[in-house]
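> would you be able to build a 3D model of this:
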Amino acid sequence: MNNNIADFSNHTPMMQQYLNTKTEYPHALLFYRMGDFYELFFDDAHKAVKILGITLTHRGKSGGEPIPMAGVPYHAAEGYLARLVKAGCTVAICEQVGEGESAGSRAKAPMQRKVVRILTPGTLTDDALLGRTQNIHLVALAIQHNQIGIAILDLSAGLFRVQQQEFKPTHIGLEMARIAPSELIIDEDLIDKNIIDFIQHSIECPITTRPNVDFNTKNAYKTLCDQFAVQSLAGFGIEHLTLAQAAAAALIHYARETQKTALPHLTSIKVEQSEQFIALDPITRRNLEIIEPLFEHGTSLYGLINDCKTAMGARLLARHLTQPIRDTALLEQRLNAVQTLLQGFHEEPIRLVLKEMGDIERVLSRIALGTARPRDLVQLRQACGQLPFLHHALKPALAQHPTALQHIAEELGQFQSIYERLTHAIVELPPVLLREGGVIAEGFDDELDELRKIRDHAGQFLLDLEIRERELTGINTLKIGYNRVSGYFIELTKAQSAQAPAHFIRRQTLKNAERYITPELKSFEDKVLSSESRALQREKALYEMLLEELRQDIAALQVMSRAIAELDVYSNWSAQARLRYWQRPEFQLETGIHIQAGRHPVVEALIKTPYTHNDTHLEHQHRLAIITGPNMGGKSTYMRQTALIVLLAHCGSFVPAQVAKLGSIDRIFTRIGSADDLSSGKSTFMVEMTETAQILHHATSQSLVLMDEVGRGTSTYDGLSLAWACVLDLTKRIKCLCMFATHYFELTELEHETGIDNYHVVAKEVNGQLILLHKVQHGAASQSHGLQVAKLAGIPANVIKTAQKKLAQLEHHQQQQPHAAQADLFAQLEDPIEEIAPIAEVPSSVIEDALRQLDVDNLTPRQALDALYQLKQQL
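Numbers count the residues shown, from 1 in each chain. Take a look at the predicted model:
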């Protein structure tokens, strides 16, 4: 049975209430609170069972069929909710908000319930549902004619950004790769099939359609002005960006609807331009292992260098790494801050204080949205209390270089009054949930203290009253009791009831006793029975009052939290530079890359032997480096390290190199390694060619291009021809900076072309063993050492010997017919492996026979030397 039921009259009142609520949220899983459980019914139950692996049961019937039901305990719901949202589900949380009302003389209506919040992949704010360092981006696209407006909202941090540009699928794809949406909002009336197909196939996140009215450009301006409490948007720089306004307004409507509240922490909006950033497509981000490693147990750049002391600093670091900037003035500002901390050894005292700061950025968002828990306020109190210590830790750095960190010191501010207020209001270690009580500190509110006193001293009051009544009546066996039916009472035996004084009012008659109430006991009963609930209600009122007070300072507190995050990133960069001996990069106007003694940051950190550093020099006159040499020699690592040094520098970090002078870079491309894309039916070669085509179409003279083994997935001549043509196009037409690794030694002949240079990774053979030096030198490699690398990889000795014989045949054939077509390396051998014909029939000598009998692979150095002396004696 599905959820779309027109007639609810045959259902129980509770189920009618559920179905009425469900009709308002047809596309969400409805978590319907029933006592200590959240229950799901009908199709929602089946879906939850499939995703969560919980048990499917039944409750009542609908249309003669059992109603499917599944549930989770409310106190453990967060884990289940996180899994559902991760699976792309939208979940509506329906809570009990009141008591059942009278529905006649015999029954009560169901408990009042309402949806208090809607959870979607892009609107999460609760730490239990979020990764500590995870950035959550809710994105809206407003498309009209050939223009597009993009709005990006991080609801958990209060960050709001927009941009507007010409609609070009490739550019939008790059922007989505940079932004990494958690959820995408589009107009339900969007009818352009090409655009819809592009969105569905190019953007990997849940897509939610919204009513066209949410994107209305005429209403968007007012929506934004109301949100920011301004009369004009000119101060934000979006006055005339109508599509950006429409996208931003759509996000505000959606966020308000899902949070069921206003959004007081969204106080400003920032305009971005895609040209501000170095573009990195998804392939490049993956190949460089910036955030995620290629393999499950690998290490990414972020995983290596993230030692930020706050979660908000870690998230900002991730944004820097995924959004490298081109503004050299801003980069120099960041580098000045890092250098100031580094030179004076200032970062460690600062980092010790930062460890105590907590995740204030998200705490503030929850305060604004009314979902902050008691321990969120403890985090804020602790952060405000640490600010004086942070200012003190900053003083030496400010004295050394006043301008580098002055803006951070100013933005940190002083929030002593908030610290004192929260210290007075909240107990030192409150319970997790407000409903547990005991959150508000004693002495903060007289009314609450009185209610708690009544509750806590009820036993003593009753004991004192019992003693007084015994003395008054002279009945020593008089006792005061309580039960849930009768409440508090004074109990006398039947015989003693005749001695009951006039102020005793009969409450209940039992077989052997009479129970009474007095005005004093009745007054106490009213107080004590209501004191618990009244105390909790008073706590809730006081807590909400505190949240409202804090909301008045949200904007200033957000500035403080962002300054903490920025300082955390700078101090992390400084610590990494000190630990790893990184140096400050320099920026120059001319396009080029000049690196001395560069290292791959991740590889250097993970290997146990000293890392072999290498230089890189690319500029207009030397813009393409053809790199040859054996596999495992370090070609790919060398290329990746160059890209990572460029990336780190454009984040504002020091870099793993002795010297790094970098010119303007607009984009980094990588075509390094491929695998079959089985889901779309593409072979390795097709994937390789698709990636290559992207580069050739979109690279510019300011791009850095890394290409590895282009053409390897097809026949030798086809592959060589493609690689040859690509090199010429990259250097003659595009004129980009390029590192081109290849096994096609024929490409080294292109060195005579302007802008092309040969480089090779050095390898040596010593006593028949290949030694990979991982050093890059000018000039072409003399040979590939493929068989030696295969031997190092563990290829069986008999296969290596067969390959050596075949190689000798091929080389001999090439010498005999230098202009003949290259032999097909994949053709079947003419003779069986065991019976390969000799190259030439010549009589064998004694020395040759002796050599054939030697098992060179298993000789010790001493045995080999002895054999050599014996052979020499036979000459």
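> now stretch 620-636, how far from the centre of its chain.
Here the centre of mass of C-alpha atoms in stretch 620-636, compared against the chain's by Cα atoms, centre = their mean, to the nearest Å, lies 34 Å away.
> and it, what's buried?
The neighbour-count criterion (16 or more other Cβ atoms under 10 Å) identifies 623-636 as the buried residues of stretch 620-636. For glycine as for every other residue, the C-beta is placed from the backbone atoms N, C-alpha and C.
> distance across it, terminal residue to terminal residue?
23 Å (Cα to Cα, to the nearest Å).
> Leu521: neighbouring residues, count only.
23 (other Cβ atoms under 10 Å).
> on that earlier part again, so which of the buried residues of stretch 620-636 is the closest to Gln809?
Pro630 (21.4 Å; Cβ to Cβ).
> thinking again about what came up before, would you reformat the buried residues of stretch 620-636 as a markdown table and include pLDDT and distance to Gln343?
Output for the buried residues of stretch 620-636, formatted as a markdown table (pLDDT from 0 to 100; distance: Cβ to Cβ, whole Å):
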| residue | pLDDT | distance to Gln343 |
| --- | --- | --- |
| Arg623 | 96 | 36 |
| Leu624 | 97 | 38 |
| Ala625 | 96 | 35 |
| Ile626 | 96 | 41 |
| Ile627 | 94 | 37 |
| Thr628 | 91 | 42 |
| Gly629 | 85 | 39 |
| Pro630 | 80 | 42 |
| Asn631 | 75 | 43 |
| Met632 | 75 | 40 |
| Gly633 | 76 | 38 |
| Gly634 | 84 | 33 |
| Lys635 | 89 | 36 |
| Ser636 | 92 | 35 |
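> out of the residues you listed, list just those in strands.
When DSSP state E is applied, these are split such that Leu624, Ala625, Ile626, Ile627, Thr628 fall in strands.
> mind giving me CSV with the residues you listed and columns for distance to His778?
As requested, those are arranged in CSV below (distance: Cβ to Cβ, whole Å):
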residue, distance to His778
Leu624, 14
Ala625, 9
Ile626, 11
Ile627, 11
Thr628, 12
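> what is the nearest of the residues you listed to Gln165?
Closest approach between those and Gln165, by Cβ to Cβ: Leu624, at 30.9 Å.
> pretty sure the closest one is touching Ile756, no?
Yes - with contact defined as Cβ atoms under 8 Å, Leu624 counts as touching Ile756 (4.9 Å).
> the residue most central in space within the chain: what's its closest spatial neighbour, skipping adjacent residues?
Central residue of the chain (Cα atoms, centre = their mean): Gln134, 3.0 Å from the mean position. For Gln134, ignoring the flanking residues on the chain, the nearest one in space by Cβ to Cβ, 6 or more residues apart in numbering is Arg315 at 7.4 Å.
> okay, now that neighbour: neighbour count?
Residues contacting Arg315 under the criterion other Cβ under 10 Å number 28.
> where does pLDDT dip in this protein?
Regions of the chain meeting the criterion pLDDT under 70 cover residues 1-9, 99-108, 673-683, 766-770, 782-793, 804, 806-807, 810-811, 813-875.
> could you list the domains of it?
Structural domains assigned to the chain are 13-119, 132-276, 282-439+544-580, 446-543, 587-792, 843-875, following automatic domain parsing.
> in CSV: those domains, plus distance to Thr802.
Supplementary listing: these in CSV, determined by distance: least, Cβ to Cβ, whole Å:
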stretch, distance to Thr802
domain 13-119, 51
domain 132-276, 46
domain 282-439+544-580, 32
domain 446-543, 79
domain 587-792, 10
domain 843-875, 14
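> out of the ones you listed, the one nearest Lys805 is which?
In terms of Cβ to Cβ, the element of these nearest to Lys805 is domain 587-792, at 10.8 Å.
> okay, buried residues for the helix or strand harbouring Asp526 please.
Using DSSP states H and E, Asp526 falls within helix 519-551. Applying a neighbour-count criterion of 16+ other Cβ under 10 Å, the buried positions in helix 519-551 are 521, 524-525, 527-529, 531, 534-536, 538-539, 542-543, 546-547, 550-551.
> between helix 519-551 and the helix or strand that it is followed by, find me the angle.
Of the helices and strands lying after helix 519-551 in sequence (DSSP H and E), the nearest is helix 554-580. What separates the directions of helix 554-580 and helix 519-551 is an angle of 60 degrees, with axes from the mean of the first three to the mean of the last three Cα atoms, to 10 degrees.
> what sits up against whichever helix or strand comes after helix 554-580?
The element immediately downstream of helix 554-580 (helix or strand, assigned by DSSP H and E) is strand 586-587. Judged by Cβ atoms under 8 Å, 6 or more residues apart in numbering, the contacts made with strand 586-587 from elsewhere in the structure are Thr328, Leu331, Glu332, Ala649, Val659, Ala660, Lys661, Leu662, Gly663.
> following element in sequence after strand 586-587, please.
Toward the C-terminal end, the helix or strand that comes next after strand 586-587 (DSSP H and E) is strand 593-598.
> quickly run through the sheet partners of that next one, with directions.
Within its sheet, strand 593-598 is paired with strand 614-618 (antiparallel), strand 659-662 (antiparallel), according to DSSP bridges.
> among these, which is nearest Pro585?
For those, proximity to Pro585 was assessed by Cβ to Cβ; strand 659-662 is nearest, at 4.1 Å.
> ok, then the element right after the closest one?
Downstream of strand 659-662 (by DSSP H and E), the next one is strand 667-671.
> circling back to that earlier point, what's the closest of the contacts of strand 586-587 to Pro26?
When the contacts of strand 586-587 are compared for distance to Pro26 (Cβ to Cβ), Leu331 wins out at 49.5 Å.
> now for that closest one: which residues touch it?
Ile325, Phe587, Ala649, His650, Gly652.
> within the helices and strands, which one has it?
helix 328-343.
> pull out the buried positions in that helix.
Judged by neighbour count (16+ other Cβ under 10 Å), helix 328-343 contains these buried residues: Thr328, Leu331, Arg334, Leu335, Asn336, Ala337, Val338, Gln339, Thr340, Leu341, Leu342.
> could the residues you listed go into TSV alongside distance to His240?
Converted to TSV, the buried residues of helix 328-343 look like this (distance: Cβ to Cβ, whole Å):
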residue	distance to His240
Thr328	28
Leu331	29
Arg334	31
Leu335	35
Asn336	35
Ala337	35
Val338	37
Gln339	40
Thr340	40
Leu341	41
Leu342	43
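> so which of the domains of the chain gets nearest Ile800?
The stretch from the domains of the chain with the least distance to Ile800 (Cβ to Cβ) is domain 587-792; that distance is 5.4 Å.
> how far does that closest one sit from the chain's center?
Mean-position distance between domain 587-792 and its chain equals 30 Å (Cα atoms, centre = their mean).
> if I look at Arg33, how far off is Leu84?
Here Arg33 is placed at a distance of 16 Å from Leu84 (Cβ to Cβ, to the nearest Å).
> neighbour-wise, which of those two wins?
For Arg33 against Leu84, the residue with the higher neighbour count under other Cβ under 10 Å is Leu84, and the figures read 23 against 18.
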